[in-house]
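Asks: with the sequence up front, the predicted model follows.
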Amino acid sequence: MILSIESSCDDSAIAITDIKTKKLLFHKKISQELEHSIYGGVVPELAARLHAEALPKILAECEPYFKDLKAVAVTSTPGLAVTLVEGVTMAKAVSVALGIPLIGVNHLVGHIYSLFIDKETRFPLTVLLVSGGHTQVMEVKSLQEIKTVAKSMDDSFGESFDKCAKMMGLGYPGGPLIEELAKDGDRKKYDFTIPLSQSKLIAFSYSGLKNAVRLAVEKGSEEDYKDIAASFEHIATMHLTQKLKKYFKTVQPKTFAIVGGASANLYLRSQIQELLRPHGADLLLSELKYCSDNAAMIGRVAVEMYDKKMFSNMQDLDISPRSSI
């Protein structure tokens with residue numbers, strides 16, 4: 001079995017995955033949303049302290065599995081420096097104490113493998129990663145063949161939801177709050193401009209749309225928030241589908257996947273499904289409980305890395321907050 005640890009942001013999580021069957025045997029996550037909500041976003045130093053409290057408690061529950069562990073995996077990149085340190089330090093301690101190899105995992109690759117928890121992998125596929133920190137399109141042929149073909153030039157899809165929610169005083173995390181508010185709103189009420197609509201670039205940008213929402217919030221009242229939220233969600237999603245449509249003119253999609261915390265947005269899922277229909281492409285989605293950060297996806301990547309003997313050196317494994325694919 002492999003023990004995996006996730007602490008890249010504000011979720012403390014540990015999982016146990018069976019190497020041979022790839023089955024998830026144990027998974028527990030302690031969210032910090034309540035503690036950070038009063039600040040309207042994640043406070044790194046607070047997150048680190050909460051990880052220091054939560055991770056040992058979860059690890060204690062894993063003790064019955066210790067005798068069967070063959071490796072310990074941990075998110076080492078990307079993420080918040082002060083929170084990544086908590087997980088990596090624990091992983092190194094477990095590695096030394098149990099005499100088992102260490103595996104450093106890229107968090108973004110973890111999101112790709114959230115599609116395959118309790119399942120065999122299915123490659124090749126085109127992946128849209130949408131989260132609080134990243135918005136990018138990747139062509140994935142295998143664990144070791146991942147190419148980023150488009151990404152955001154500024155704010156991410158998920159980050160824009162969080163910031164717009166903060167403007168309206170809705171709380172944190174903003175994604176689910178904006179989505180819920182938008183259900184009763186008019187998606188056409190505010191004619192926000194679709195970012196980069198006239199550009200041939202296959203890239204994403206949310207800073208301009210975020211600013212347009214800010215101006216609408218300042219001019220409007222709380223009664224307008226549901227329409228602002230609905231219009232924002234609609235345009236934010238249209239931006240993605242518009243750029244993907246341009247990309248599909250050169251690369252025909254066969255199997256397409258949406259991953260990351262913001263992939264739980266049901267409006268986004270429905271619009272991507274419509275986009276893929278003319279192409280006859282399959283849409284792969286993670287279970288909703290595995291869209292946000294979790295240790296199960298880190299463990300699933302680690303199984304593949306263990307089979308390929310992709311181990312990390314104790315001295316060389318360090319955090320890399322800004323790494324990407």
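Replies: Received it, and whenever you're ready, just let me know what you need.

Asks: rest of the way, CA atoms for contacts and neighbours
Replies: OK.

Asks: pLDDT score for Ser37?
Replies: The model reports Ser37 with a pLDDT of 88.

Asks: and the helices in the stretch 51-200 of the chain?
Replies: According to DSSP state H, counting those that start in this stretch, the stretch 51-200 of the chain carries its helices in the segments 81-98, 107-113, 157-167, 174-182.

Asks: got the contact list for the helix or strand of the chain with the lowest mean pLDDT?
Replies: Lowest on mean pLDDT, DSSP states H and E among the helices and strands of the chain sits helix 33-37, with a mean of 91. Contacts with helix 33-37, where a contact means C-alpha atoms under 8 Å, 6 or more residues apart in numbering, come from Asp10, Val42, Val43, Gly171, Tyr172, Pro173.

Asks: tell me which two of the residues you listed sit farthest apart.
Replies: Asp10 and Gly171 (15.2 Å; C-alpha to C-alpha).

Asks: who has more neighbours out of the two?
Replies: Asp10 (26 against 23; other C-alpha atoms under 10 Å).

Asks: looking at it, the more buried one is touching Leu46, isn't it?
Replies: No. Look at Asp10 against Leu46 with C-alpha atoms under 8 Å: they stay out of range, at 9.1 Å.

Asks: give the buried residues for the least confident helix or strand of the chain.
Replies: Taking 16 or more other C-alpha atoms under 10 Å as the neighbour-count basis, helix 33-37 is seen to contain the buried residues Glu33, Glu35, His36, Ser37.

Asks: how many neighbouring residues does Lys183 have?
Replies: Burial of Lys183 is recorded as 14 neighbouring residues (other C-alpha under 10 Å).

Asks: where along the chain do the strands fall?
Replies: Taking DSSP state E as the criterion, the chain carries its strands at 2-6, 11-17, 24-31, 71-77, 102-106, 125-130, 135-142, 145-151, 255-259, 282-285.

Asks: could you give the mean pLDDT of the shortest one?
Replies: Meaning strand 282-285. Averaging pLDDT along strand 282-285 yields 97.

Asks: likewise for the second one?
Replies: Confidence for strand 11-17, expressed as mean pLDDT, is 97.

Asks: relative to that strand, what are the paired strands and their orientations?
Replies: For strand 11-17, the pairing partners within the sheet under DSSP bridges are strand 2-6 (antiparallel), strand 24-31 (antiparallel).

Asks: and those strands, which is most packed in?
Replies: Taking mean count of other C-alpha atoms under 10 Å as the contact definition, the stretch among those with the greatest mean neighbour count is strand 2-6, which reaches a mean of 32.

Asks: got the contact list for that one?
Replies: Around strand 2-6, the neighbours that count as contacts under C-alpha under 8 Å, 6+ apart are 12-19, 69-75, 87, 91, 293-296, 298-299, 302-303.

Asks: switch the cut-off to 7 Å
Replies: Applying C-alpha atoms under 7 Å, 6 or more residues apart in numbering, the contact partners of strand 2-6 are 12-19, 69-75, 87, 294-295, 298-299.

Asks: next one: that strand to chain centre, how far?
Replies: Averaging C-alpha positions (C-alpha atoms, centre = their mean, to the nearest Å) puts strand 2-6 17 Å from its chain's average.

Asks: how about Lys245, nearest residue that isn't a chain neighbour?
Replies: Using C-alpha to C-alpha, 6 or more residues apart in numbering and skipping the chain neighbours, the partner closest in space to Lys245 is Leu275 (7.4 Å).

Asks: run a quick neighbour tally on the one you found.
Replies: As a burial measure, Leu275 scores 17 neighbours (other C-alpha under 10 Å).

Asks: report the separation between it and Gln242.
Replies: According to C-alpha to C-alpha, to the nearest Å, Leu275 stands 9 Å off from Gln242.

Asks: next: Met305.
Replies: Counting by C-alpha to C-alpha, the gap from Met305 to Gln242 is 35 Å.

Asks: show me the contacts for the most centrally placed residue in the chain.
Replies: What sits nearest the mean C-alpha location of the chain, by C-alpha atoms, centre = their mean, is Gly260, with 2.9 Å. Contact analysis of Gly260 by C-alpha under 7 Å, 6+ apart lists His111, Leu129, Val130, Ser131, Cys291, Ser292.

Asks: quick one: neighbours of the fifth one, just the number.
Replies: In other words, Cys291. Using other C-alpha under 10 Å, Cys291 is surrounded by 24 other residues.

Asks: can you check the second one too?
Replies: With neighbours defined by other C-alpha under 10 Å, the count for Leu129 comes to 25.

Asks: hang on, the earlier thing: of the contacts of strand 2-6, just the buried ones, PyMOL syntax please.
Replies: In PyMOL, the members of the contacts of strand 2-6 classed as buried (16+ other C-alpha under 10 Å) are selected with the following command:
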select buried, resi 12+13+14+15+16+17+18+19+69+70+71+72+73+74+75+87+294+295+298+299
